[in-house]
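Student: Compute the structure for the input listed below.
(chains A and B)
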Amino acid sequence: AQKVTQAQTEISVVEKEDVTLDCVYETRDTTYYLFWYKQPPSGELVFLIRRNSFDEQNEISGRYSWNFQKSTSSFNFTITASQVVDSAVYFCALSGSNAGNNRKLIWGLGTSLAVNP
Amino acid sequence: DSGVTQTPKHLITATGQRVTLRCSPRSGDLSVYWYQQSLDQGLQFLIQYYNGEERAKGNILERFSAQQFPDLHSELNLSSLELGDSALYFCASSPWGQGDGYTFGSGTRLTVV
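Tutor: Residues are numbered from 1 along each chain as shown, chains lettered A, B, ... in the order given. Have a look, this model is predicted:
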């Protein structure tokens, strides 16, 4: 069965601190996709990144970076120099790429990040 | 604007009632997914449609049903509502045959009183 674990329920940091959000996944698929979404207090789900299982290159986008390690089944997300606007709930999600059109997302429970001024 | 439109944004209704949530997918996307986000269960997959046909079912209650119409918009029907059905309901769409990400609508917040 597929599963996503975000062990950190809540994290609180002071502005400008770096913070890493952990994500560990389980799947038997050889091809799969990993995602991070941000859910600000307004409630919408904002897409941050998609990674396929064959691409283990780390990615950096501004203050955001992602570390994908298949050996440990982890896909961690780091925010550098955090800002108050980064305060949100962050979700890690997994989908398979089996034939057909069933690619539902399996979600972690989310990490609530509070960045304090 | 993500391109996925969900209506209404907010809905307050009484227990026992029936409601319909509507989703218009992003132009060109054939797949529609429905998710429920509740405080106790987190984000849960409910059901997927592809080009009018049901493709996958998740943790969807028998009181809930959905369909996708020829113009590709989808509706989620919730009946005999209970207090525990209060949640944020998201619709997402994705293109066929590609591993692209999913585009989410802004959600419908359902409150059952």
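Student: how deep is the residue nearest to residue B:72 when sequence neighbours are not counted tucked in, by neighbour count?
Tutor: Using Cβ to Cβ, 6 or more residues apart in numbering or on different chains and skipping the chain neighbours, the partner closest in space to residue B:72 is residue B:25 (5.5 Å). Yep, even glycine has a C-beta here, placed from its N, CA and C like the rest. By other Cβ atoms under 10 Å in any protein chain shown, the residues close to residue B:25 number 26.
Student: Tell me which residues touch residue B:25, please.
Tutor: B:3-4, B:31-32, B:72-74, B:91, B:93, B:103 (Cβ atoms under 8 Å, 6 or more residues apart in numbering or on different chains).
Student: Closest to residue A:12 out of those residues?
Tutor: residue B:103 (30.9 Å; Cβ to Cβ).
Student: still on that earlier bit, read off the pLDDT value for the residue nearest to residue B:72.
Tutor: If you check residue B:25, the pLDDT there is 95.
Student: So which residues of chain A form helices?
Tutor: Ranges of helices in chain A, per DSSP state H: none exist.
Student: if we can go back for a sec, quick check: the gap between the residue nearest to residue B:72 and chain A.
Tutor: 13 Å (Cβ to the nearest Cβ, to the nearest Å).
Student: same thing with residue B:15?
Tutor: 23 Å.
Student: isn't that residue right up against residue B:82?
Tutor: Yes. Using Cβ atoms under 8 Å, residue B:15 is in contact with residue B:82, at 6.0 Å.
Student: Quickly list what's touching both of those two.
Tutor: In contact with both residue B:15 and residue B:82: residue B:112, using Cβ under 8 Å, 6+ apart.
Student: for the chain, what spans make up the strands?
Tutor: Just so you know, I chose chain A. Counting by DSSP state E, chain A has strands at residues A:3-5, A:10-14, A:19-21, A:24-26, A:32-39, A:46-52, A:59-61, A:64-69, A:74-79, A:88-96, A:106-107, A:111-116.
Student: hmm, I had chain B in mind actually
Tutor: So, for chain B - with DSSP E - the strands run B:5-7, B:10-13, B:19-24, B:31-38, B:42-50, B:53-57, B:64-68, B:74-78, B:87-94, B:103-104, B:108-112.
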